[in-house]
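Visitor: any chance you could fold what I've pasted below:
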Amino acid sequence: MEKHVFGGIEFDEPLYRELVKNYSETFTHTSLSIEKEDLKLEESNDIINSLKKDNSEIFEMLSDDEKEKIKNKYKYFVTYMAYYKGMIPKINFESQEEINDIYNEKFKEFDKDMLELIVFDEENNFLEKETGKKVSMFFPTYIERKPLLDSVRKSRTDHISAFLYALDENHIGIKEMLQINEIINRNNPNHQKGFKKVNNAITGSSFETLKKEEVPIQISELIYKYDNNFDMDIKDPNEKGISHEERHKRLFLICLKEARFHILFEHIHPFADGNGRTGRIITSTNLMRQHLAPPLITSTMMEQYKNFINNYDYQGLAQMLLDSSSQMLSVWVTLKRAEEGIALEEIISSKTI
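Guide: Residues are numbered from 1 along each chain as shown. Prediction:
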């Protein structure tokens, strides 16, 4: 069975795959663009949930005629809101048969929400007007939420796919870099393939990005410098017999190499969109290829992370990458021990860190 080594510790293939799966999902959540989409989705969910109340018990106590009357009114409200929002042409709202036909054809999915949107008074009498108000608030939020939910799902899928693609490659050159960005943006209708066609800027940054005509040569030079370790003497941090201090120094140099690449990449800003996501995917997979656990740059770290980029602070970003990578390795080791059935008492008694 294939072994994967991180921080000098071996992980079996099944556990490695599970760790990568969990990391890729968490890594995707740290993307600011996806976090913004998630926030909008959360706001929609809050509105929807605030309107709902389970009335199934009351509804079940009603006669069949009363249930049918309420269902018809509910279908009327949903269909009328669809007309009001321009989703269907005007129909004869005096005809329940016509309402039912339109509802069953286009809005059957609203059946699942009916028992939580209908309103009863304290004596279990159906309140038609109040139910209509609820549906009028629920309907537009629900309709607007659907494309947002679809966008979040696609964004997450694309980000994970790009990460897994990069991880499968032995080396990230221009071809791979372009493909990572292409996967990230494959559901972006405004995406242009390849390097940026117009000059762009980063909102809130203190520097100007590279002009579009300079991108190809500068990216090529950056990759060349990276492949030559930026003239640094980088040695294996897992070499037997070296001191803790020497190991830390070697780990830091690896992270310094990645920090230099990442900051210079972001200053070049080679793509019209998705530069941050592309750069962080490259950094994470490059570290994994060098047997370091991948880092996570979370929202609480983002301001400092951006400052490192703005100020060409290679040392600061290198330390952030090393600290985050070390924390991730600790999590992975904990999961490895749990997988192997090592009890906490054994860890304590052996003083295993």
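Visitor: please save the CA atoms from stretch 197-213 in CSV.
Guide: Extracted C-alpha coordinates of stretch 197-213, given in CSV (Å, rounded to 0.1, in the frame of the first residue of the first chain):
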residue,chain,number,x,y,z
LYS,A,197,-6.6,40.6,-21.8
VAL,A,198,-7.0,44.0,-20.0
ASN,A,199,-5.1,45.5,-17.1
ASN,A,200,-6.7,44.9,-13.7
ALA,A,201,-6.4,46.1,-10.1
ILE,A,202,-6.9,44.6,-6.7
THR,A,203,-9.4,46.4,-4.5
GLY,A,204,-7.8,47.7,-1.3
SER,A,205,-4.3,46.9,-2.4
SER,A,206,-1.4,49.4,-2.2
PHE,A,207,0.3,48.3,-5.4
GLU,A,208,-0.4,48.2,-9.2
THR,A,209,-0.6,44.8,-10.8
LEU,A,210,1.6,44.0,-13.8
LYS,A,211,0.5,45.2,-17.2
LYS,A,212,-1.1,42.5,-19.4
GLU,A,213,1.6,42.5,-22.1
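Visitor: what residues sit buried inside that stretch?
Guide: Residues 200, 202, 209-210, 212 are the ones in stretch 197-213 that count as buried (16 or more other C-beta atoms under 10 Å). Glycine gets a C-beta too; all of them are placed from N, C-alpha and C.
Visitor: quick one: low-confidence parts of this protein?
Guide: Low-confidence segments of the chain, defined by pLDDT under 70: 1, 204, 342-353.
Visitor: just the helices in it please.
Guide: Along the chain, the stretches classed as helices by DSSP state H are 13-29, 32-51, 56-60, 64-84, 96-106, 114-117, 128-168, 174-184, 215-227, 244-268, 275-289, 302-310, 314-339, 344-349.
Visitor: got the phi and psi for D236?
Guide: Here is the backbone geometry of D236 (degrees, to the nearest 10): phi -70, psi 120.
Visitor: check contacts around it.
Guide: R250 (C-beta atoms under 8 Å, 6 or more residues apart in numbering).
Visitor: quick check: the gap between it and G8.
Guide: Distance, D236 to G8, using C-beta to C-beta, to the nearest Å: 10 Å.
Visitor: ok, now M288?
Guide: Counting by C-beta to C-beta - M288 and G8 are separated by 14 Å.
Visitor: who's more crowded, those two?
Guide: In this view M288 and G8 are compared by other C-beta atoms under 10 Å, and M288 has more residues nearby, 18 against 13.
Visitor: isn't that one right next to E169, touching?
Guide: No: M288 is beyond contact range of E169, at 11.3 Å (criterion: C-beta atoms under 8 Å).
Visitor: overlap in contacts of the two?
Guide: Common neighbours of M288 and E169 (C-beta under 8 Å, 6+ apart) do not exist.
Visitor: and the nearest residue to M232 once chain neighbours are set aside, how far is that from E13?
Guide: Counting by C-beta to C-beta, 6 or more residues apart in numbering, L253 is the residue found nearest to M232 once chain neighbours are left out, at 5.7 Å. Using C-beta to C-beta, we find L253 at a distance of 29 Å from E13.
Visitor: looking at these two, which one has more neighbours?
Guide: L253 (19 against 11).
Visitor: now do the same contact list for that one.
Guide: Counting by C-beta under 8 Å, 6+ apart, the residues that L253 touches are 232-235.
Visitor: just to be sure, which of those residues are found in strands?
Guide: Among the contacts of L253, no member falls in strands (DSSP state E).
Visitor: and of those residues, the nearest to Q327?
Guide: Checking these against Q327 with C-beta to C-beta, the nearest one is I234 at 22.2 Å.
Visitor: how many neighbours does the spatially closest residue to Q179 that is not a sequence neighbour have?
Guide: In this structure, Q179 finds its nearest non-sequential neighbour in Y165, 6.5 Å apart by C-beta to C-beta, 6+ apart. Y165 has 17 neighbouring residues, counting by other C-beta under 10 Å.
Visitor: ditto for I34
Guide: 18.
Visitor: my read: it touches H159, true?
Guide: Yes: in this structure, I34 is within contact of H159 by C-beta under 8 Å, at 6.7 Å.
Visitor: what sits in contact with each of those two?
Guide: With C-beta under 8 Å, 6+ apart as the test, I34 and H159 both reach T28.
Visitor: any idea how the chain splits into domains?
Guide: Domain ranges of the chain: 3-30+169-349, 43-149, per automatic domain parsing.
Visitor: out of the ones you listed, which gets nearest to S155?
Guide: domain 3-30+169-349 (7.2 Å).
Visitor: for the closest one, the distance to its chain's centre please.
Guide: On the basis of C-alpha atoms, centre = their mean, to the nearest Å, domain 3-30+169-349 is displaced by 16 Å from the centre of the chain it belongs to.
Visitor: hmm, back to that, can you list the helices of the chain in CSV and add distance to E2?
Guide: As requested, the helices of the chain are exported to CSV (distance: least, C-beta to C-beta, whole Å):
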stretch, distance to E2
helix 13-29, 5
helix 32-51, 31
helix 56-60, 52
helix 64-84, 55
helix 96-106, 51
helix 114-117, 50
helix 128-168, 14
helix 174-184, 22
helix 215-227, 26
helix 244-268, 23
helix 275-289, 14
helix 302-310, 33
helix 314-339, 15
helix 344-349, 26
